[in-house]
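**Q** this is a predicted model, with the sequence first.
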Amino acid sequence: MQKPHNKKNPMLNPCDRQILRLALPAIVTNITVPLLGLVDTAIVGHMGSASYIGAVAVGSMIFNLLYWLFGFLRMGTSGMTAQAFGRRDLAEATALLRRSVGVALSVGLLILLLQWPLRELMLWFVSPTEDVRPWTVTYYNIVVWGAPAMLALYAVSGWFVGMQNTRMTMVVSITQNVVNIVASVVLVYGLDMQVEGVAMGTLTAQYVGLLTAIVLLWRGYRGMLAATATDRADKQSPGSLSFLRVNRDIFLRTLCLVAVNLYFTAVGARQGAVILAVNTLLMQLYLLFSYIMDGFAFAGEALGGRYWGAKDWTAYRAVVRRLFGWGLLMVVLFSSVYIVGGMPFLRLLTDEPSVVEASKGYVWWAYLVPAAGVAAFVWDGIFIGTTQTRGMLTSSFVAAVVFFAGITLLQGPLGNHGLWLSMLLYLVMRGLIQTVITYTNQRHTIF
């Protein structure tokens, strides 16, 4: 197995090329998601009623939250598959695909069976206004039928990442988003549909995305899948129990992340419409950084898991170090861009004078986000790839406790500054605890 090592040109060594080969398609995939949201908003924004915009926004948020909770179907699959790939255990890799897709379809069918109580629970939680609620129900009642497709896509996408192939996830995502846009435009403007047109466009795209993934899966791996079709590795209890343990830890960790993000929004909302708007805009700067770093995290999942499974510690150490090198470069780049262009970017997002003026007092918190969060992003990818999910859960839980304690102690005297300080402490603690865990367990491997 080739070692990612080249002293003559450290920025272009084989390890860096491997990282960029995996990270760049993942970054493109991440960027298509907000672009799609902008197009959907633009479509409903020209229907003549603000309630349509609100309905699609609320409906999208409901499904984003619901599917986020099942992100373990992607992350757990990618890490375990990457390790099987590193061991050259193709039978286990195939078993993981069957196992993950099976769980995804089961959960998707359960969501369909429980769609009414889930809808009412989500609507109670979000509490849309009376003019928005009926259209939100319309949107939900259509898009919910895509749950099996979306969750199966999570499983297959995670498997692609584990098999060191993020290009296929990029093709699926781009195809899905293009179909969504075209279908929504045709249904809304061609067939004179309203919110149901946007919902049908989304539903169509979800199943087209799954079909695309199946075609790519068969074209790229049919020989491997056929060769291991009769293997019983998926019936072995150790692998199945490990799969359940990993997914349980990731699910609980996701609950911590959801709690932090929802409470951050809720505390901002309590401070009034202007502060809520400011925080929403500043979070866009955080999201831009996260889209890029998530790409490098995907590379960490694939390569970290691969070399961990192969027990190639020289290559594993090189991947971790180079990922942190790329992370440091991204911190310098994004912090510099935010310092120079942060306020002009916010002015592009809004021309509301009160929001722009209030942003000046808080925008510098966004300058600190890259430095505060970089370690958490890199370690998340490595921990997922090496299935150190208990460490991820521990770091997220402790960091969440710090976040809530920070708000309790700091938000009163410091106001919105206390809220942002708590968020940055949360990000720093995640990365710090994961660093401590790694140093404790792998000091001779990495450090």
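**A** Yes, it's here. Computed from a prediction, not measured in an experiment: that's the story for all the values here. Numbering: from 1, shown residues only.

**Q** ranges for the helices of the stretch 51-200 of the chain?
**A** For the stretch 51-200 of the chain, applying DSSP state H, counting those that start in this stretch gives helices covering 72-86, 90-113, 115-126, 133-143, 147-162, 166-185, 195-227.

**Q** which of those helices sits most buried?
**A** Mean neighbours per residue, mean count of other C-beta atoms under 10 Å, is largest over the helices of the stretch 51-200 of the chain for helix 72-86, with a mean of 28. For every residue, glycine as well, the C-beta is placed using N, CA and C.

**Q** could you give the angle of that helix to helix 147-162?
**A** Helix 72-86 runs at 30 degrees relative to helix 147-162, counting by axes from the mean of the first three to the mean of the last three C-alpha atoms, to 10 degrees.

**Q** output helix 72-86 in CSV with nothing but the alpha carbons.
**A** C-alpha atoms of helix 72-86 as CSV (Å, rounded to 0.1, in the frame of the first residue of the first chain):
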residue,chain,number,x,y,z
PHE,A,72,-26.0,8.0,11.6
LEU,A,73,-27.1,6.0,8.6
ARG,A,74,-24.4,7.8,6.5
MET,A,75,-21.7,8.4,9.1
GLY,A,76,-21.8,4.9,10.7
THR,A,77,-21.8,3.3,7.3
SER,A,78,-18.9,5.3,6.0
GLY,A,79,-16.5,4.6,8.9
MET,A,80,-17.1,0.9,9.1
THR,A,81,-17.0,0.5,5.3
ALA,A,82,-13.7,2.5,5.1
GLN,A,83,-12.2,0.1,7.6
ALA,A,84,-13.4,-3.0,5.7
PHE,A,85,-12.0,-1.4,2.5
GLY,A,86,-8.6,-0.9,4.2
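
**Q** counting by contacts, list what that helix packs against.
**A** Packed against helix 72-86 by the contact rule (3 or more C-beta pairs under 8 Å, 6 or more residues apart in numbering; DSSP states H and E) you find helix 90-113, helix 147-162, helix 237-270, helix 305-310, helix 363-385.

**Q** quick revisit: distance to W313 and mean pLDDT for the helices of the stretch 51-200 of the chain - can I get that in JSON lines?
**A** Converted to JSON lines, the helices of the stretch 51-200 of the chain look like this (distance: least, C-beta to C-beta, whole Å; pLDDT from 0 to 100):
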{"stretch": "helix 72-86", "distance to W313": "12", "mean pLDDT": "91"}
{"stretch": "helix 90-113", "distance to W313": "21", "mean pLDDT": "92"}
{"stretch": "helix 115-126", "distance to W313": "45", "mean pLDDT": "86"}
{"stretch": "helix 133-143", "distance to W313": "46", "mean pLDDT": "88"}
{"stretch": "helix 147-162", "distance to W313": "20", "mean pLDDT": "94"}
{"stretch": "helix 166-185", "distance to W313": "24", "mean pLDDT": "90"}
{"stretch": "helix 195-227", "distance to W313": "27", "mean pLDDT": "89"}
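
**Q** grab the longest helix from this structure for me.
**A** Assignment by DSSP state H gives helix 313-349 as the longest helix of the chain.

**Q** ok, then the element right after it?
**A** Under the assignment DSSP states H and E, the closest C-terminal helix or strand after helix 313-349 is helix 353-359.

**Q** just checking, what packs against that following helix?
**A** Helices and strands touching helix 353-359, by 3+ C-beta pairs under 8 Å, 6+ apart, are helix 273-299, helix 313-349.
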